[in-house]
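Undergrad: Sequence isn't available, so here's the structure alone:
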RNA sequence: GCCUUCAUAGCUCAGUUGGUUAGAGCAUCUGACUGUUAAUCAGAGGGUCACUGGUUCGAGCCCAGUUGAAGGCGCCA
């Protein structure tokens, strides 16, 4: 039997055997310092000539990056080490010597295309390890919340015979000679189940065939869809707020180490747990977005104008620093210092490139926000601008009916609006939850199905839910990967799922 | 689908108004040194400058097309 790094607190001063892979190596004449990983964590293993003897030390010298090995040795407390321990190796067993691991460099120094091509190996890197562990805890937190609240987990079908919501592009397949589609949502089925169980939630894969190549879109992703009988939209919003706070609270409690690896700002997440989520109508959101209404003295348009100015200034600073360093290099300096300065210059050029993207994009965003009309749907940049004036996630409700799905309940006395609610995450992460109270009136529903040019025959079973004991009910859908991206503060959803399937990417 | 930017060593990138034999860091290999933690030092190998065509005495650099990538928009969760 062997031991795991995560249990080392119980083994201080004792001998253990750990089995895993070499994550990094530093060599000296009489010592080999291995950064070692076993899946549960990372620890430094020190192989000394003194402890191993000539023969085994020679063998240990052959260990390369990502070679697999079992080390036996004492667990020693050492404050200098991450995690507080190191293993002083007394013997070892080599499983396999790896040759030329393709991701030998720091993750930061590798290109995103190259990393994605090597996703099967990229997963071994520390940052990716941390993300997958946070994802796991998010999943557990989601189940924990709903199970504690007496929800029943249900599995909705993945194959459907018709394009349910009628709005999105679906992957088409074949079902015993008939056309079939991969599910884009389990919601309608969840509604049926909610009429049987009261409170239910789905947790399953979802497929969208839109050709959306953006940092927040996947073709195959995991969605959580709770559905509650006798819930109005206000109850729905209360639930969303408690739910998100619960999951993030759990991550703050359980994933300190992982968030540290990811250099995540804890205070931003703590704020989500502590603050009340603002709730604004879509009409108010438009006023804020266009800069006509301010929130706590903050103006959405002005914030962007400031960002633009700051970016421009920073570009000038970077350029100045580059020319200063170049001049200094030309004047002559020691080799070490020259290398250092050259590395700095390359980093500054990278920063300038990112800032120049920003400088090009912000004016377009401002233009789009200023000209925003009531009744429209928000674009990605609009969501970013909107959330910048708040420091907690914001819930936008009462949406224009024409941009939302047919099943959403109309606002009393105003059929142009529906009781939808979107949760927009702060820091520019945008929509992570979309939900609504569902229409209960069969006649309204039939009218809406026609208005959306859907085939009523496909929805007869759904209409039955309104024929037999129709009740007010609500629910929402959460995109798991969008939540992981937000909590981990990632640039792109490709890092939030082990093997991403998105537009232009189906391997590895 | 649209816009912007880009494509140079295994990887990340420099390469000046077009001018001899295209450079650096990391990675790999050799050696030195050191309880190291982005280790350091000395050396070596590694390139059809994305592809096709054009301009020119001369193209990594200019022009056209093709392919691919990054960021943004749209569509959407």
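TA: Right, received. Where do you want to start? Note that the structure is a prediction, hence the values are computed from the model and not measured.
Undergrad: At the contact with RNA strand B, which residues of the stretch 351-500 of chain A appear?
TA: Residues of the stretch 351-500 of chain A found near RNA strand B (C-beta under 7 Å from any atom of the strand) are A:353, A:357, A:360-361, A:364-365, A:368, A:377, A:379-382, A:384, A:405, A:422, A:431, A:434, A:477, A:479, A:481-482, A:491-493. Just so you know, the C-beta spots here come from the backbone N, C-alpha and C atoms, and that holds for glycine as well.
Undergrad: make it 6 Å
TA: By C-beta under 6 Å from any atom of the strand, the residues of the stretch 351-500 of chain A that approach RNA strand B are A:357, A:360-361, A:364, A:379-381, A:431, A:434, A:479, A:482, A:491-492.
Undergrad: Apply the buried test to the residues you listed and list what passes.
TA: A:381, A:431, A:434, A:479, A:482, A:492 (16 or more other C-beta atoms under 10 Å).
Undergrad: What is the lowest-pLDDT residue among the residues you listed?
TA: The member of these with the lowest pLDDT is residue A:381, at 87.
Undergrad: Assign the residue lying farthest from the centre of chain A to helix, strand or coil.
TA: Most distant residue from the mean C-alpha position of chain A: residue A:54, 48.5 Å away (C-alpha atoms, centre = their mean). For residue A:54, the assignment made with DSSP: H, G, I helix; E, B strand; the rest coil gives helix.
Undergrad: Including secondary structure and distance to residue A:15, could the buried ones among the residues of the stretch 351-500 of chain A next to RNA strand B go into TSV?
TA: Below are those laid out as TSV (DSSP: H, G, I helix; E, B strand; the rest coil; distance: C-beta to C-beta, whole Å):
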residue	secondary structure	distance to residue A:15
A:381	helix	58
A:431	strand	52
A:434	strand	54
A:479	strand	47
A:482	helix	45
A:492	coil	43
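Undergrad: Among those, list the two that are farthest apart in space.
TA: Based on C-beta to C-beta, the longest span within these runs between A:434 and A:492 and measures 20.5 Å.
Undergrad: what bridges to the residue nearest to residue A:217 when sequence neighbours are not counted?
TA: Leaving out its chain neighbours, the residue that sits closest to residue A:217 by C-beta to C-beta, 6 or more residues apart in numbering is residue A:502, at 6.4 Å. Beta-bridge pairing of residue A:502, defined through DSSP bridges, involves residue A:505.
Undergrad: Hmm, residue A:502 is touching residue A:216, no?
TA: No. Using C-beta atoms under 8 Å as the test, residue A:502 is too far from residue A:216 to be in contact (10.2 Å).
Undergrad: returning to what we had before: quick one: which of the residues of the stretch 351-500 of chain A next to RNA strand B is nearest RNA strand B?
TA: Nearest to RNA strand B, judged by C-beta to the nearest atom of the strand, of those is residue A:379 at 2.2 Å.
Undergrad: correct me, but the closest one touches residue A:367?
TA: No. Between residue A:379 and residue A:367 there is no contact under C-beta under 8 Å: 11.6 Å.
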